[in-house]
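Q: the sequence isn't on hand, but the structure is:
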């Protein structure tokens with residue numbers, strides 16, 4: 001606490017002034033946490049002074065809010081590129097990041113507990129403080145201005161990604177609130193940028209990337225292995241299933257879950273905690289994406305049957321807790337996609353489920369399992385809608401890859417197993433069968449005409465997005481998991497990250 005107060009005072013975070021008449025200062029409190037390493041050992045104890053931003057009023061002492069949160073697809077894309085090109089990955093952390101932001105509003109705060117008792121008055125904040133509504137936005141604006149001053153440009157496709165091109169290569173910097181990943185082909189420029197950041201902010205150089213936002217990263221000459229083993233172990237403990245027997249698939253096949261089936265849970269807290277944790281786990285586990293999407297529909301009024309299904313997902317994870325995504329070294333960076341749909345898959349609404357996945361070379365970088373926004377009149381229509389949303393992701397990824405220096409020179413193949421949907425996409429004539437489909441779905445035709453995508457047919461047996469639309473049998477599940485490059489740790493990583 002003394003170190004935190006010293007840092008606040010060194011940063012000129014506030015001035016102690018008499019309380020202005022008619023002003024009701026917001027409060028503050030201390031928040032304590034224990035930081036752990038990826039192996040569960042103690043890293044450090046942490047105390048942070050937090051302003052009670054819930055007492056702020058919109059339009060009075062704050063306006064717009066924003067947090068610099070990188071897209072998970074961007075993180076996986078950069079890891080896939082770094083693995084392919086053999087780039088090193090460095091991690092840095094900003095100490096007291098939010099304290100660097102400058103405030104434009106007049107905000108008064110009560111004196112924090114721990115200041116000398118002789119102090120009187122209130123704190124007039126000059127810098128942002130954790131807990132303030134505008135603190136993330138103020139910090140990011142300060143960081144953005146600083147990093148652009150170092151000749152970086154902000155990505156047009158992810159506002160948390162910054163790119164610096166030099167005469168000998170490129171440097172990529174991705175920020176997630178106050179954690180940074182730095183990689184690229186120009187090692188000298190990377191070292192220079194790190195020194196510049198340390199001169200501008202209170203930085204902590206964490207060395208090679210190993211543990212980032214609960215994601216464990218293992219690297220060697222063969223590639224990068226990304227997993228969430230520790231996170232899964234904590235989730236199993238939370239669910240009370242440490243002694244449970246593992247199962248082979250996340251969901252039982254041919255079982256439809258309904259909103260009003262079974263008895264309500266008397267306390268839905270545990271269900272919501274487990275599903276929320278499972279949602280974060282889908283960052284590296286596409287094999288549970290469909291199951292988690294199904295269980296997320298019942299967050300409002302979960303029932304005992306739904307909790308049993310969630311526990312089955314966790315029992316599946318118990319048997320595959322070390323499984324993760326592998327990004328191999330030296331592979332070509334060509335983008336390909338797969339699109340699928342399960343027609344009228346929702347028992348309550350009869351809406352279909354969209355599933356798609358995108359590969360950069362052999363590495364899986366993006367996927368989605370989501371219920372469609374409206375009912376489709378045929379399986380062809382549901383497949384066509386799925387192809388359209390997958391096409392939007394391809395366009396975004398192609399733009400991002402071109403910006404990173406890896407443009408896709410040929411049309412991106414989007415594999416689909418429904419020949420009727422492919423024919424609708426390639427047919428320029430609107431007729432009775434398609435006029436009820438929204439115009440935005442037909443944007444896939446424009447992408448096809450401009451050679452942004454191609455639409456090759458794939459058999460249903462080889463449709464890799466199938467795992468994102470329905471529960472499948474154990475042999476089918478294992479086949480698709482292997483095709484997604486979702487592997488148990490290679491032998492060189494079995495002892496953990498080195």
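A: Good, I have the coordinates. Treat the numbers as computed from the prediction; the structure is a model and nothing was measured.

Q: do you know how far residue 151 is from residue 218?
A: 32 Å (CB to CB, to the nearest Å). Backbone N, C-alpha and C define where each C-beta goes, glycine included.

Q: same question, residue 245
A: In this view, residue 245 and residue 218 are 28 Å apart by CB to CB.

Q: ok, now residue 276?
A: Relative to residue 218, residue 276 is positioned 26 Å away (criterion: CB to CB).

Q: more crowded one of the two?
A: Neighbours per residue (other CB atoms under 10 Å) separate residue 276 from residue 218, with residue 218 holding more: 22 against 13.

Q: in the sheet, who's paired with the more buried one?
A: Per DSSP bridges, residues listed as beta-bridge partners of residue 218: residue 225.

Q: I'd say it and residue 225 touch.
A: Yes: with contacts defined as CB atoms under 8 Å, residue 218 counts as touching residue 225 at a distance of 4.4 Å.

Q: for this protein, what helix or strand is lowest in average pLDDT?
A: The helix or strand of the chain with the poorest confidence is helix 2-10; it has a mean of 85 (mean pLDDT, DSSP states H and E).

Q: how close does the residue nearest in space to the middle of the chain sit to residue 368?
A: Centre of the chain computed as the mean C-alpha position; nearest residue by CA atoms, centre = their mean is residue 72, 3.2 Å away. Between residue 72 and residue 368 the distance, using CB to CB, works out to 12 Å.

Q: likewise residue 163?
A: Going from residue 163 to residue 368 by CB to CB gives 26 Å.

Q: which of those two has more residues huddled nearby?
A: More neighbours sit around residue 368 than around the other of residue 163 and residue 368, counting by other CB under 10 Å; the figures are 21 against 17.

Q: and the pLDDT at residue 433?
A: For residue 433, the pLDDT comes out at 59.

Q: go on, residue 127?
A: What the model reports as pLDDT for residue 127 is 87.

Q: next one: residue 397
A: Reported pLDDT at residue 397 in the predicted model: 98.

Q: ok, it touching residue 335?
A: Yes: the pair formed by residue 397 and residue 335 meets the contact definition of CB under 8 Å, at 6.0 Å.

Q: common neighbours of the two, please.
A: For the pair residue 397 and residue 335, residues contacting each of them under the criterion CB atoms under 8 Å, 6 or more residues apart in numbering are residue 358.

Q: assumed residue 70 was part of a helix.
A: No: when the secondary structure is assigned by DSSP: H, G, I helix; E, B strand; the rest coil, residue 70 falls in coil instead of a helix.

Q: wait, what's in contact with the closest residue in space to it that isn't next to it in sequence?
A: Counting by CB to CB, 6 or more residues apart in numbering, residue 160 is the residue found nearest to residue 70 once chain neighbours are left out, at 4.0 Å. Residue 160 makes contact with 68, 69, 70, 71, 74, 174, 175, 176, according to CB under 8 Å, 6+ apart.

Q: I'd say the second one and residue 178 touch.
A: This means residue 69. No: counting by CB under 8 Å, residue 69 does not reach residue 178; the two are 11.1 Å apart.

Q: pick out whichever of the two has more residues nearby.
A: For residue 69 against residue 178, the residue with the higher neighbour count under other CB under 10 Å is residue 178, and the figures read 21 against 15.

Q: identify the residue nearest that one in space, chain neighbours excluded?
A: In space, and not counting its chain neighbours, residue 178 is closest to residue 97: 3.4 Å by CB to CB, 6+ apart.

Q: the one you found: neighbour count?
A: 24.

Q: how about it, what does it touch?
A: If you count contacts by CB under 8 Å, 6+ apart, residue 97 has them with 139, 143, 177, 178, 201.

Q: which pLDDT value belongs to it?
A: Predicted confidence (pLDDT) for residue 97: 84.

Q: following element in sequence after the helix or strand that contains residue 380, please.
A: With the criterion set as DSSP states H and E, the secondary-structure element containing residue 380 is helix 379-403. In the C-terminal direction, the helix or strand that comes right after helix 379-403 (DSSP H and E) is strand 412-415.
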